[in-house]
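>>> take a look and give me a structure for this.
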Amino acid sequence: MKLVIAFATDNTNILTFVSSNRDKVIPRNFRGDRYFCEKGINFSVVQMPITDQTNFASLSAWLKDRSRGAEGLILLIDEAHRHLAHELEDAYFVVGLQSYSGGVVQNQIHSAISPVLRHFAAYSQRFDDFGKKRVFLLPLDIFKSKELDELRDRLTNRKMEPGFGEDIERLLKELNKRARPKSQKRFKKVFHVDDRSLFYRYAEERHAIVQSAVPPHHEKCWHLSKFRFGRVYDTELHHNVDNDSEPTRVFGNFITCHGDVFTATGQSHLNIFPNGYI
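Numbers count the residues shown, from 1 in each chain. Here you go, the predicted model:
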């Protein structure tokens with residue numbers, strides 16, 4: 001498993017250290033960590049200098065290039081420049097870098113990255129479980145649920161707060177309380193049900209293909225169609241979404257991957273990808 005550790009910073013001392021000491025960026029104890037060893041993690045450390053010309057498009061293009069072939073990506077970006085990655089927080093494991101004055105030494109880099117790797121491992125262990133992955137991959141702007149909103153916030157804005165693993169486990173359990181079969185007795189499969197009483201079932205088939213070409217899509221659509229909170233996922237799998245009627249009918253408005261609104265007018269079901277592409 002290739003895990004990319006991407007530094008995006010305007011701090012020349014950090015850039016110099018990372019460029020000259022790639023083999024020293026990852027603390028030795030993590031190279032021998034049980035989870036990372038079992039997964040056969042191959043760390044790839046890369047860096048991008050942030051300048052006055054850096055914008056979302058240039059950051060997006062760099063990450064797109066560096067993420068190819070990766071199964072995980074952690075982005076460490078200056079807290080002052082984190083807004084550049086705002087639209088990618090759902091795709092990658094984004095963490096703000098604090099500023100350093102003066103020279104940067106190995107201990108400073110290790111103190112910054114060690115808690116990030118611990119939290120990433122806590123998330124990844126759960127993402128590796130397909131039952132939990134189904135929950136992580138619910139379409140964040142379509143599945144209506146305060147529990148999913150809280151899970152999203154915990155894995156983006158609040159990922160480095162204490163109690164991370166325990167909170168993730170608690171929220172997964174809360175979301176799984178929404179899992180149930182349909183009322184008709186012939187239906188045995190379990191679905192996750194949102195506040196609109198729509199039933200979501202992930203990975204039933206592969207006949208649909210996610211689209212991300214620009215235009216009509218936005219740059220972020222490519223990233224969000226492949227990664228969720230720092231882990232790559234199968235781009236050919238989607239959620240089947242319908243209701244509990246017989247026959248099934250879906251009505252309502254749905255926010256798609258780049259903010260457009262799709263209006264369902266009674267279709268038997270919808271194919272919705274994790275990033276919101278319909």
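
>>> strands along the stretch 101-250 of the chain, start to end?
Secondary structure of the stretch 101-250 of the chain (DSSP state E, counting those that start in this stretch): strands located at 179-180, 191-193, 199-202, 227-228, 231-232, 239-242, 250-255.

>>> who wins for proximity to residue 80 among the ones you listed?
Taking CB to CB, strand 227-228 is the member of the strands of the stretch 101-250 of the chain nearest to residue 80, at 23.9 Å. To be clear about C-beta, it is placed using only N, CA and C from the backbone, and glycine gets the same treatment.

>>> looking only at pLDDT, what's the mean for that closest one?
The average of the pLDDT scores along strand 227-228 is 98.

>>> list the residues that contact residue 80.
Going by CB atoms under 8 Å, 6 or more residues apart in numbering, residue 80 touches residue 99.

>>> what's around the closest residue to residue 114 other than its chain neighbours, how many residues?
Counting by CB to CB, 6 or more residues apart in numbering, residue 27 is the residue found nearest to residue 114 once chain neighbours are left out, at 5.6 Å. Neighbourhood size, residue 27 [other CB atoms under 10 Å]: 17.

>>> which residues touch residue 27?
Applying CB under 8 Å, 6+ apart, the residues near residue 27 are 110, 113, 114, 117.

>>> again with residue 151
If a contact means CB under 8 Å, 6+ apart, then residue 151 has 135, 136, 168, 171, 172, 175 as its contacts.

>>> one more pass at 7 Å, please.
When contacts are counted by CB atoms under 7 Å, 6 or more residues apart in numbering, residue 151 touches 171, 175.

>>> from residue 110, how far out is it?
29 Å (CB to CB, to the nearest Å).

>>> look up phi and psi at residue 159.
Dihedral pair for residue 159: phi -70, psi -20, per degrees, to the nearest 10.

>>> counting neighbours, what do you get for the closest residue to it other than its chain neighbours?
Take residue 159 and drop its neighbours on the chain: the residue closest to it by CB to CB, 6+ apart is residue 119, 5.8 Å away. Neighbourhood size, residue 119 [other CB under 10 Å]: 22.

>>> and if you look at residue 73?
27.

>>> these two touch, right, it and residue 227?
Yes - in this structure, residue 73 is within contact of residue 227 by CB atoms under 7 Å, at 6.4 Å.
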